[in-house]
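1. Give the three-dimensional model of this entry:
(one chain, ligands or ions: 1)
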Amino acid sequence: MAQIDGLPPLSEVIRTHQLSAKKSLGQNFLLDLNLTAKIARQAGDLSGCDVLEVGPGPGGLTRGLLAEGARRVLAVEKDPRCLPALAEIADAYPGRLQVIQGDALEVNPLEHLTPPIRVAANLPYNVGTELLVRWLTPKDWPPFWQSLTLMFQREVAERIVAQPGTKKYGRLALLAQWRADARIVMELPPEAFVPAPKVHSAVVHLTALDKPRFEADPAVLSRVVGAAFNQRRKMLRAALKALSPDIEDRLRAAGIPPTERAEQVSLEAFCALAREMTRS
Ligand SMILES: C[S@@+](CC[C@H](N)C(=O)[O-])C[C@H]1O[C@@H](n2cnc3c(N)ncnc32)[C@H](O)[C@@H]1O
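-> All right, here's what the predicted structure looks like:
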């Protein structure tokens with residue numbers, strides 16, 4: 001990679017720009033350009049696509065995305081110390097990299113990018129789940145993105161692809177699988193990062209479906225599954241009591257026994273319940 005883009009190795013970038021990792025920003029950097037190139041390839045065919053990258057840091061994945069042919073990359077980075085390193089990448093790929101310094105939670109990608117848009121990120125752990133839930137629950141579907149290729153702690157990745165009846169099945173699995181195909185495409189050991197985190201990581205690739213698998217209002221579905229899994233050991237009639245005084249009737253109307261526990265309930269049944277919750 002260093003030869004392809006003429007830019008220095010990432011260890012040198014880190015040294016030159018004195019990018020010592022900050023824990024408060026979830027900074028665990030990937031310094032192996034072969035690895036970042038591999039992650040970029042998991043993002044799908046990037047030619048003709050704009051890409052949103054959250055948290056580029058010293059820019060390893062950014063370089064991979066540009067080398068893979070992304071039309072444009074919008075990189076949103078909170079840490080101003082990373083800007084000079086990212087500016088060098090922008091110089092190496094004229095007109096193709098825009099860097100915004102700020103909080104990704106406050107940036108509207110559609111103000112900067114043109115569809116088709118793919119998202120790729122080695123996400124800061126502190127905001128990763130919040131961003132994912134936000135990307136999965138817009139009111140209207142399809143969303144601004146065609147695919148999400150995201151690095152998480154392996155534990156979180158497993159929760160995204162979990163199936164009913166398993167311990168990891170919950171709100172993340174339901175929201176992800178309701179409107180997208182989700183699979184784990186890579187696993188990385190702690191030593192792949194600098195500094196090494198305590199846990200393993202994994203890359204999840206989600207492809208947006210044209211329409212949700214089952215009809216439901218996203219806000220209602222999110223509220224119902226949130227409440228159901230908040231008290232996952234309780235029967236649903238108890239876990240969801242606060243949502244409606246006649247919750248038992250609504251559960252039955254959705255085809256769910258009121259004594260069932262959240263872990264056993266399929267996506268289809270949760271969507272039926274979300275529809276029942278909107279009936280007066
Ligand atoms: C896990 S590091 C990944 C860095 C780089 N992509 C890599 O793979 O080496 C997460 C990056 O996200 C940045 N970051 C943290 N919170 C952020 C936020 N709210 N918005 C944008 N970037 C953020 C951090 O400064 C850091 O550079």
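
2. what's the nearest residue to the residue of the stretch 1-150 of the chain found nearest the ligand if we skip its chain neighbours?
-> Nearest to the ligand, among the residues of the stretch 1-150 of the chain, is G55, at 2.2 Å (C-beta to the nearest ligand atom). For every residue, glycine as well, the C-beta is placed using N, CA and C. Distance criterion C-beta to C-beta, 6 or more residues apart in numbering; nearest residue to G55, sequence neighbours excluded, is P124 at 5.0 Å.

3. What of L83?
-> Nearest non-adjacent residue to L83, counting by C-beta to C-beta, 6+ apart: Q101, 5.9 Å away.

4. Can you pull the residues of the stretch 1-150 of the chain lying near the ligand?
-> Within the stretch 1-150 of the chain, the positions adjacent to the ligand are 25-30, 54-57, 60-61, 76-79, 82, 103-105, 122, 124, 127 by C-beta under 6 Å from any ligand atom.

5. what number of residues lie near the residue of the stretch 1-150 of the chain closest to the ligand?
-> Using other C-beta atoms under 10 Å, G55 has 23 neighbouring residues.

6. Tell me the span between the first and last residue of stretch 243-257.
-> Distance across stretch 243-257, first residue to last, is 17 Å (C-alpha to C-alpha, to the nearest Å).

7. what is the rounded mean pLDDT of it?
-> Throughout stretch 243-257, pLDDT has a mean value of 97.

8. Counting neighbours, which bits of it end up buried?
-> Buried residues in stretch 243-257, counted by 16 or more other C-beta atoms under 10 Å: 243, 247-248, 250-251, 254, 256.

9. That one: how far from the chain's middle?
-> Remark: stretch 243-257 is offset 32 Å from the chain centroid, using C-alpha atoms, centre = their mean, to the nearest Å.

10. Identify all contacting residues around that stretch.
-> Here stretch 243-257 makes contact (C-beta atoms under 8 Å, 6 or more residues apart in numbering) with 223-224, 227, 236-237, 240-241, 258, 260, 265, 269, 272-273, 275-277, 279.

11. What distance do you get for the residue of the stretch 1-150 of the chain closest to the ligand to T207?
-> G55 is 22 Å from T207, where distance means C-beta to C-beta, to the nearest Å.

12. lowest-confidence helix or strand of the protein?
-> Ranked by mean pLDDT, DSSP states H and E, the weakest helix or strand in the chain is helix 2-5, scoring a mean of 62.

13. who's R261 bridged to?
-> Beta bridges link R261 to M235 when assigned by DSSP bridges.

14. What is the neighbour count of the closest residue in space to K234 that isn't next to it in sequence?
-> Closest residue to K234 apart from its sequence neighbours, by C-beta to C-beta, 6+ apart: R261 at 7.1 Å. When counting by other C-beta under 10 Å, one arrives at 17 neighbours for R261.

15. now R275
-> Count around R275 with other C-beta under 10 Å applied: 18.

16. got it, and K23?
-> K23: 10 surrounding residues under other C-beta under 10 Å.

17. pLDDT score for it?
-> On the pLDDT scale, K23 is placed at 94.

18. in the stretch 1-150 of the chain, what spans have low per-residue confidence?
-> Confidence mapping of the stretch 1-150 of the chain against pLDDT under 70 gives the ranges 1-3.

19. mind listing the strands for it?
-> Assigned by DSSP state E, counting those that start in this stretch, the stretch 1-150 of the chain shows strands spanning 29-30, 50-54, 72-77, 97-101, 117-122, 147-153.

20. Contacts for stretch 153-160, please.
-> Residues outside stretch 153-160 that contact it (C-beta under 8 Å, 6+ apart) are 125, 128-129, 132, 152, 168-170, 172-173, 176, 182, 184, 187, 197, 199-204, 206.

21. coming back round to it: any of the residues of the stretch 1-150 of the chain next to the ligand buried? List them.
-> 25-30, 54-57, 60-61, 76-79, 82, 104, 122, 124, 127.

22. In helices, which of those residues appear?
-> Among these, the ones falling in helices (DSSP state H) are 60-61, 127.

23. May I see those organised as JSON lines, with distance to I160 added?
-> Output for these, formatted as JSON lines (distance: C-beta to C-beta, whole Å):
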{"residue": "G60", "distance to I160": "23"}
{"residue": "L61", "distance to I160": "19"}
{"residue": "V127", "distance to I160": "16"}
